[in-house]
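J.: All I have is the shape, not the residue letters:
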RNA sequence: CCGGCAGGCUAUCUUAUCGCUCCUGUUUAUUUCGGGGGAGGAAAGUCCGGACACCAAAGAGCAGUAUAGCGGGUAACGCCCGUCCGUUGAAAGACGAGGACAAGUGCAGCAGAAAGAAUGUACAGGUAAGGCUGUAGUGAAAUCAGGUAAACUCUAUACGGUGCAACGCCAUGUAUACCAGUGUUUGAGGGUUGCUCGCCCGAUGCUGGAGGGUAGGCGGUUAGAAUUGUCGGGUAACCGGCAAUCCAGAUAAAUGAUAAGACCAGACAGAAUCCGGCUUAUCGGCCUGCUUUUUUU
């Protein structure tokens, strides 16, 4: 099972990020929110993902770094199941909505549920 | 010994698995595999000082800001060291915006007749006359070259501006399109530091309308006023010689997660061009030196 999270799977383009926030759809499972858009498929990369923690809620850079690392880790461990069930490409942006610093095990299960919700939602969209 | 004072060091650790990032070797290869590096003492606040880069004058004057015993250190400083003086403490020590009020202006509670402007009580002396003189009285201070400059001010010294989103290169797109106005050495307009002057650019220009389009990469970017050791100079800050070492380099932004174990249990906190300081935050642990009022021996 491939659990790596290389450079190609990171969301880097400024353009894409602006697009995400202006026209992206979203799913959430507190304290996580996922914003996504469909993208043009390119070279085996199914999903480009970015992570964000609002500065308004966490003033210290250390806290924001820590939370982003936890979310990234949760995503890395859960993404393989997602990839197996995806037919098109997406750009992702994960937002952390909580007010407290999270615990990894909780975050991990939340991530799992969030991604299954995402799958359900996109599949019904496609069926319509 | 307890207590007190000063200074320095340190900042949970170990193993395994799964990941991230940079360098390097292998390789056709950005893949694979091997080897190695990967946050701090404050990385923070952005408060000073520099390096570096640009501004075709980066020039002059004014304004402004900072500093303030004396001597030294430094690339430089508003930092550091030494020392004198003052305040404070029993001491070790701590603290100090510590030049000038004999240029001008301003300010001064209570007490007091009166506080910088004139007056005036008692006693004594004195005169042509008069607070003219002395003493008493209030006060820190009563005409004394008064006090006060973290009051304006003056003096001396220093300071050009903007900051790596600087700046250089490559790639991509494009329009010397169209309309109106204005202007060509008698100069439209622009650049140049807060202002003024000066200086510089300037005709396929400038302003407005309408319309079109980019915002990706590389360098700068980490070998340095570097670190460690040692010897020498200096009271010290610090300086010099020699030897060894390479010690983060991301860019929606790397150093994390899980499991197990140890310690009476982990604080403040995350590099973003780079250094030297200052300031602020901080659970603890360790080391060195100094002091002896009281108490005990």
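T.: Nice, I can see it. On a predicted model such as this, the values are computed, not experimentally measured, just so you know.
J.: And what about the residue nearest the centre of chain A, helix, strand or coil?
T.: Centroid-nearest residue in chain A, with CA atoms, centre = their mean: residue A:94, separated by 4.0 Å. Of the three states, residue A:94 takes strand according to DSSP: H, G, I helix; E, B strand; the rest coil.
J.: Which residue is the nearest non-sequential neighbour of it?
T.: Closest residue to residue A:94 apart from its sequence neighbours, by CB to CB, 6 or more residues apart in numbering: residue A:51 at 4.9 Å. All C-beta atoms are positioned from the backbone trio N, CA, C, and that covers glycine.
J.: on that earlier part again, for the residue nearest to the centre of chain A, give me its contacts.
T.: Shown in contact with residue A:94 (CB atoms under 8 Å, 6 or more residues apart in numbering): A:32-34, A:49-52, A:71, A:75.
J.: Swap in 7 Å and give it another go.
T.: A:32, A:34, A:49, A:51-52, A:71, A:75 (CB atoms under 7 Å, 6 or more residues apart in numbering).
J.: RNA strand B contacts on chain A?
T.: Within chain A, the positions near RNA strand B by CB under 7 Å from any atom of the strand are A:2-7, A:10-15, A:17-18, A:50-52, A:60-62, A:65-66, A:68-70, A:72-73, A:76, A:103-105.
J.: Could you tell me which of these belong to helices?
T.: A:14-15, A:17-18, A:61-62, A:65-66, A:68-70, A:72-73, A:76, A:104-105 (DSSP state H).
J.: mind checking how far the residue of chain A found nearest RNA strand B is from residue A:66?
T.: With CB to the nearest atom of the strand as the measure, residue A:104 is the residue of chain A nearest to RNA strand B, at 3.0 Å. With the distance defined as CB to CB, to the nearest Å, residue A:104 ends up 10 Å from residue A:66.
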